[in-house]
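> Provided below for reference: sequence and predicted model.
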Amino acid sequence: MQSSEIEETNITLTEEERGVTADIQEAVNEPDRILPAIEFRDVHLSFDEKKILDGVSFTVRRGETKLILGRSGGGKSTTIRLILGLLKPDSGQILVDGEDITHYTEEEMMGVRQKMGMVFQEGALFDSLSVFENVAYRLQEQGVDEETCEKEVRRMLRFVDLEDAIDKMPSELSGGMRRRVGIARALVGDPTIVMFDEPTAGLDPPTARTICELAIKLRDLEDVSSIFVTHEMNNLEYLSSEYATVNEDGEVIFEMEGEKLCLINTEVIMFRDGKIIFSGKDEQLRKTGDPYINKFIRGK
Ligand SMILES: Nc1ncnc2c1ncn2[C@@H]1O[C@H](COP(=O)(O)OP(=O)(O)O)[C@@H](O)[C@H]1O
Ligand SMILES: [Mg+2]
């Protein structure tokens, strides 16, 4: 562009407009918001000649929940292990907060993992440790002092509504409670990225709903980016149609999206034979007309 053109397009801003422009500029410049939390670029991975991921690309934006659907053995857990750096792809790139971690060493990965929380299917608690000790584990390993540790553990247990269970042993808890303790443990250290691997598998519907509500709270009130692997369609429904907000009494409530479309920061991808066959919103998924997807939605 020539300098004369620049002069012609120059406009005079009021003091207020200049302020707003500066705010927008600041928001745009904030690197954390522009860079996706997670990005896969053309990732390939085979085990024993069998292609598990065949050119997978997707991004998880900051504050977004990406729901991953797909049949058993479809590479969902493998995707999570790649993000954690427990596996390396054959080719392609994996980025976390814009940082290319594809070839990171174990030592370099330790730093990256500190911003991640992981919720396993079975809650994966240590049975010989109390709820407090299970949740405190990571903090104690880091040598955090006792007082801070207790404060943090209580804060996390309050988030999952289990502060009263702090002195219990895992064997004294129901399946759903154990799962919630697993979530509290994953949230220690305030991870900005949380990965849920089939967190509701084997739970009754009301308990599964409670787990989904926790994921919604993280998404809407804590600005956490997450990956939520599931093959239960009601999880998809909760995470795509409800949002969390705080009412006048300071209580967390869940509201239906209703007509206020695009409010909910959840997107879905579906894997089939190592490829992503769908990427988009829940409503689009239900409208594709694709026989494979329709069968999956009907739970067949
Ligand atoms: N370390 C490994 N070595 C060989 N095969 C593996 C390994 N990990 C996973 N697989 C295979 O990769 C495929 C995808 O596994 P996984 O990601 O666990 O599927 P999902 O979580 O979608 O059910 C499965 O067929 C599984 O047996
Ligand atoms: Mg799995």
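Received it, and whenever you're ready, just let me know what you need. Ligands and ions are numbered 1, 2, ... in the order given.

> host element of the most centrally placed residue in the chain?
Central residue of the chain (CA atoms, centre = their mean): residue 226, 0.8 Å from the mean position. When secondary structure is defined using DSSP states H and E, the element that contains residue 226 is strand 225-229.

> again, but for residue 289
Going by DSSP H and E, residue 289 is not in any helix or strand.

> can you tell me the average pLDDT over the strand holding residue 226?
If you average the pLDDT over strand 225-229, you get 96.

> List the pairing partners of that strand within its sheet, with orientation.
Strand 225-229 pairs in its sheet with strand 65-69 (parallel), strand 193-197 (parallel), by DSSP bridges.

> Now that strand - C-alpha only, CSV.
This file holds the C-alpha atoms of strand 225-229, laid out as CSV (Å, rounded to 0.1, in the frame of the first residue of the first chain):
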residue,chain,number,x,y,z
SER,A,225,-10.1,-26.1,27.5
SER,A,226,-11.0,-29.8,27.4
ILE,A,227,-11.2,-33.0,25.5
PHE,A,228,-14.1,-35.2,26.5
VAL,A,229,-14.1,-38.7,25.0
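
> what's the next secondary structure element after it?
Using DSSP H and E, the helix or strand that follows strand 225-229 in sequence is helix 233-241.

> what about the helices in the stretch 51-200 of the chain?
Using DSSP state H, counting those that start in this stretch, the helices of the stretch 51-200 of the chain run over residues 76-83, 106-113, 131-141, 146-159, 175-187.

> Most tightly packed of these?
Counting by mean count of other CB atoms under 10 Å, helix 175-187 has the highest mean neighbour count of the helices of the stretch 51-200 of the chain, with a mean of 23. In this view, the C-beta of every residue, glycine as well, is placed from N, C-alpha and C.

> And the contacts of that helix?
For helix 175-187, contacts defined as CB atoms under 8 Å, 6 or more residues apart in numbering pick out 117-120, 122-125, 131, 134-135, 137-138, 153, 156-157, 159-162, 165, 170, 173, 194, 199-200, 202-204, 207, 210-211, 214, 218.

> near ligand 1 at all, the strand holding residue 226?
No - remark: strand 225-229 sits outside contact range of ligand 1, by CB under 6 Å from any ligand atom, the gap being at least 6.7 Å.

> Could you pull out the buried residues of stretch 83-95?
The neighbour-count check on stretch 83-95 (16 or more other CB atoms under 10 Å) flags 83, 85, 89, 92, 94, 95 as buried.

> Before I go, just wanted to say thanks for your time.
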